[in-house]
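In: Starting from these lines, generate the structure:
(2 chains)
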Number of protein chains: 2
Amino acid sequence: MTTYDLIFRTFRIILEVVIRISLSRKFFEMSRRRVTQKEIALSVGVSQTTVSLILAGDDTPSASKETRERVLKAAHTLGYVPQAAARALVSGRANTLAIILFDPHEQVFRDPYIPNVLTGITEVASVQGLRLLVERVQDGSNTDVVRHLLKSSVADGAILVNCRLPSATIHSLYHEGFSLVLLDADQPHGLPLVAIDHIAGARAAAHHLLSLGHRRIGCIPYAILDHAHIVSRYDAFIDTLSEAGVDMPPEYVVNGRFDPDTGEAAMHRLLALPQPPTAVFAMNDLMALGALRACQARGVRVPDDLALVGYDDMRFAEFTYPALTTIRAPEVEMGRRAAEMLLRLIDEQPSAPPVEWLETALIVRGSCGGLTRLD
Amino acid sequence: MTTYDLIFRTFRIILEVVIRISLSRKFFEMSRRRVTQKEIALSVGVSQTTVSLILAGDDTPSASKETRERVLKAAHTLGYVPQAAARALVSGRANTLAIILFDPHEQVFRDPYIPNVLTGITEVASVQGLRLLVERVQDGSNTDVVRHLLKSSVADGAILVNCRLPSATIHSLYHEGFSLVLLDADQPHGLPLVAIDHIAGARAAAHHLLSLGHRRIGCIPYAILDHAHIVSRYDAFIDTLSEAGVDMPPEYVVNGRFDPDTGEAAMHRLLALPQPPTAVFAMNDLMALGALRACQARGVRVPDDLALVGYDDMRFAEFTYPALTTIRAPEVEMGRRAAEMLLRLIDEQPSAPPVEWLETALIVRGSCGGLTRLD
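Out: I've put the predicted structure just below:
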C-alpha cells in the first residue's frame, strides 16, 4: 500500500462518515418533520389500522387499553403530527388568521362590535379550516408585535382593527410582503381596507330626524376624538344638519364613552337643559340603551316627547322598549369580507391594494316616532 | 515528511474543516434564532440607537427615510425577532392559550356567553402578554385537533368549551402531560375544571317563583338534550318544584333554542294554552328577551299577568322593559379562573386535577314582580 493509497482510503472513510452523519441528520430532521402512522405501527408492533383508529380518537377499537397507551406513547415520543398539520407544513402556512386589536378597552369582547366582526371572520375561516389568533396590542405604536406575528409564521396574515400604527409603518410592512387588511378605518391610505361607510350612516340619521320635522336635535357622540372615523362620522351628522339650516348649540352635544351608563348620564344632562332637544342621535346603540333608561327615569316618553336614534343595530336594538330606530352597520358582513380579502392577499398580493366599502341602512322602529308619523 | 505525518496533517485539515462547518452551522442556527439590534446596526452601518428607534416603530427619528428602509430590510433579511418572541424561544413556550370551541353554532360569538368567557380569559392573558388562539372543532370526536394543537407547540395549553371528546380521550391527553382545563362541564371526571354551579342556579329560580306564590309555573328550556349540564339544570328546576308539591304539566314545557326568536315562539305557545302559566322560567336571557316580546304582542303585562325569570344575567338584562329578573352566571369570572388555572397547570401539573365551582346569584328586577311583592 502506497502513501497515496493510504491518504486516499483515509479520505474516503472520513468522507463516508461525514456523509453518513449528514444523511442521518437529514433523516432525523425528516422524521422529526413527519412521522407516519406506519412508523408508529412498526415501532409498537401493531397494524397500521389499529394505529389509525387509536389516533383518530376512537375509544372502542378492538385494541386493548395497553396497546392504546403504547401507541399513544409512541406517537408522542416519535413526534407524530396529524394530516392537517402536515399539510400546513408542506404548504408552509400556519393556517391561521390573526386579528389584531389595537388599544382595546378591557371589555372589548362584551361590546357587540368585535364579537360581530369575529362572527363574520369565523364564518369564512371555519369553512377553510383556519384558526383565529387574537392579539391585543396595548401600545399602539408598537410595530414589533405585528411584524413578529407575521414573521414568526404564527399567522399567515392579519386583520388590523382600529390600527394605531403610523401609516408609513403599515405601508412598509405591507410592501415587505406581509398580508394585511385594515378593518373599518376611515381611509385606505393606499392599503387593503374593508370598511363601513359611516359618513353616509351619520348623514342618514340626520336626514331622518330632519324629515320628521325636528329642529332641536342633540347628539351623544363617542368621546374618542383621536379616532378619525368617529370624528368624521360626527362631522357628517353636524354638517348635514347645517346644510338644512339647523345648528346644534354646544350644550346639545354631550359625550358618552362606549357603554350604557355613559349614555344614560349624557341623556340626563340633555334632558336637564332649560330647553332640551326634541330628538337625540346616540352614536352607538349601547349608549342609546342608557339614554332610553334616562328617559324612563324622568318620565320622558319616547318617541312622543323625544325621538331617539341609535347607531350599529346591535342584536338587542329590536328588543328595547320602544324598539330602537338605528343605523345598521353591517359588522358581521365586514368581518366576512375582511377574511375573504385577507385570504386572497395571502394567495397573491395584487398590484393595487383592494378596498371595499359597505353600506349602512336606516332601520326605523319605534323610538324615533317615524313609524307613526310616516303612516 | 513521513507517510504518517501526511495522514496526520490531512486528518487535521479535514477535522478542522468539519469543525468549522459544524461551528458555522451552529453559528448560523444561533443567528437564525436570535439576531440582535447590534448586528443589524453593524450590517447597515448606523448606530444601535437608530436601529432601536426604527424597530420600535418610531417614524420620526433623526434617520432618513432611506436609512429606515435599509434597517427594516436588514432586520427582515437577517430574521430579526423582537424581545418578547425571543423570550418565548428561550422559555420554549408559544405564549399562547388556546380556546377550543366544540360544535359551536354559526353565531357563537353573537351570543354573550363566549364573548363573556373571552373577556375573562383575555384579562388574565393580556396581563401575562399571552395570545389567544380560537379553534372551532366541528367534529367533536376528533381528538387529532386537540392533540395537534398542543403537540405542535402552537399553544401551551387549552381551555375546552363544551368538550365533546370521550372522557377517556381527554384523560389520555391530560396524562400525556398536555395542559387542559374543562370549562363549564357538569362534572370534572377527574380532570381540571372550572364551572358554574348551574344546579344551584336553577334551584334558586324555582325557589324564587315558589316564594312569590306561583303554582302554575312553565319553563322554556334549551332544546339541547345531549348537553349534560343543560339537562341537569332543567332537572334541578323540575325537582325543586316537585319537592314543593308543584308538578309541571308537559304542555308547560316548550323548548327554545339559544335565540330570542325561539323564546318568543315558545312563549306564544305557553300563552295560547287554555290555562297558561302565571310564571315562566326561560333558561337563558336571550330566550327571555323573545318571551318578553311575545307578552307585549299579546298584551300580557309583565309582571302583573306573568312573572318571568331568565338565566345568565347578560349585559342587556337590566335594559329590557321591564328589567329582567335572572340568575347571574359569572361567565367573565369563569373565563378568568380558567385562564389562571391553565397557567398554573402549564407551570406544573399537580397530582390531583384542580376543580373550581363558581356560584350563581339571583338578581331580582322588575320582570318577576318580586320587587313589589317583596316590598
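In: Quick one: the helices in chain A, in order.
Out: Listed in chain order, the helices of chain A (DSSP state H) span A:3-33, A:37-44, A:48-55, A:65-78, A:83-91, A:113-127, A:143-151, A:167-175, A:198-211, A:228-243, A:260-271, A:285-298, A:331-347, A:370-374.
In: Let me have those in TSV, adding distance to residue B:250 and mean neighbour count as columns.
Out: Every residue, glycine included, has its C-beta placed from N, CA and C. TSV is the format used below for the helices of chain A (distance: least, CB to CB, whole Å; neighbours: other CB atoms under 10 Å in any protein chain shown):
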stretch	distance to residue B:250	mean neighbour count
helix A:3-33	59	12
helix A:37-44	51	18
helix A:48-55	43	19
helix A:65-78	43	17
helix A:83-91	46	14
helix A:113-127	36	22
helix A:143-151	55	22
helix A:167-175	61	18
helix A:198-211	48	21
helix A:228-243	53	17
helix A:260-271	40	22
helix A:285-298	37	24
helix A:331-347	38	21
helix A:370-374	40	14
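In: Quickly, which of these bottoms out on average pLDDT?
Out: In terms of mean pLDDT, the lowest-scoring of those is helix A:83-91 (a mean of 46).
In: sorry, back to before: for chain B, find the nearest of the helices of chain A.
Out: Of all the helices of chain A, helix A:143-151 sits nearest to chain B, with 3.1 Å by CB to the nearest CB.
In: Next up, the contacts around residue A:316.
Out: Residue A:316 makes contacts with A:112, A:285, A:289, B:289, B:316, B:319, as judged by CB atoms under 8 Å, 6 or more residues apart in numbering or on different chains.
In: same question but for residue A:121, I mixed them up
Out: Neighbours of residue A:121 in contact, by CB under 8 Å, 6+ apart: A:97, A:99, A:132, A:159, A:335, A:336, A:338, A:339.
In: again, only using 7 Å
Out: Contacts for residue A:121 (CB atoms under 7 Å, 6 or more residues apart in numbering or on different chains) come out as A:97, A:99, A:132, A:159, A:335, A:338, A:339.
In: Farthest pair within these?
Out: Using CB to CB, the contacts of residue A:121 reach their maximum pairwise distance at A:132 and A:338, which is 12.1 Å.
In: Show me chain A divided up by domain.
Out: Following automatic domain parsing, chain A resolves into domains at A:3-89, A:93-195+A:332-358, A:198-330+A:361-374.
In: quick revisit: which among the contacts of residue A:316 gets closest to residue A:349?
Out: After measuring the contacts of residue A:316 against residue A:349 - CB to CB - the closest member comes out as residue A:112, at 32.6 Å.
In: what about that closest one, how many neighbours?
Out: If you count neighbours by other CB atoms under 10 Å in any protein chain shown, residue A:112 ends up with 26.
In: Give me the distance between it and residue A:135.
Out: 21 Å (CB to CB, to the nearest Å).
In: Could you do residue A:187 as well?
Out: Distance from residue A:187 to residue A:135, counting by CB to CB: 23 Å.
In: out of those two, which sits in the busier spot?
Out: Taking neighbours as other CB under 10 Å, residue A:187 and residue A:135 compare with residue A:135 leading, 22 against 14.
In: What is the burial count for the spatially closest residue to that one that is not a sequence neighbour?
Out: Distances taken as CB to CB, 6 or more residues apart in numbering or on different chains place residue A:100 nearest to residue A:135, at 4.8 Å, with adjacent residues excluded. Per other CB under 10 Å, the neighbour tally for residue A:100 reads 24.
In: In contact with the residue of the stretch 201-350 of chain A found nearest chain B, which residues?
Out: Relative to chain B, the nearest point of the stretch 201-350 of chain A is residue A:321 (3.4 Å; CB to the nearest CB). Neighbouring residues of residue A:321 by CB under 7 Å, 6+ apart: residue B:321.
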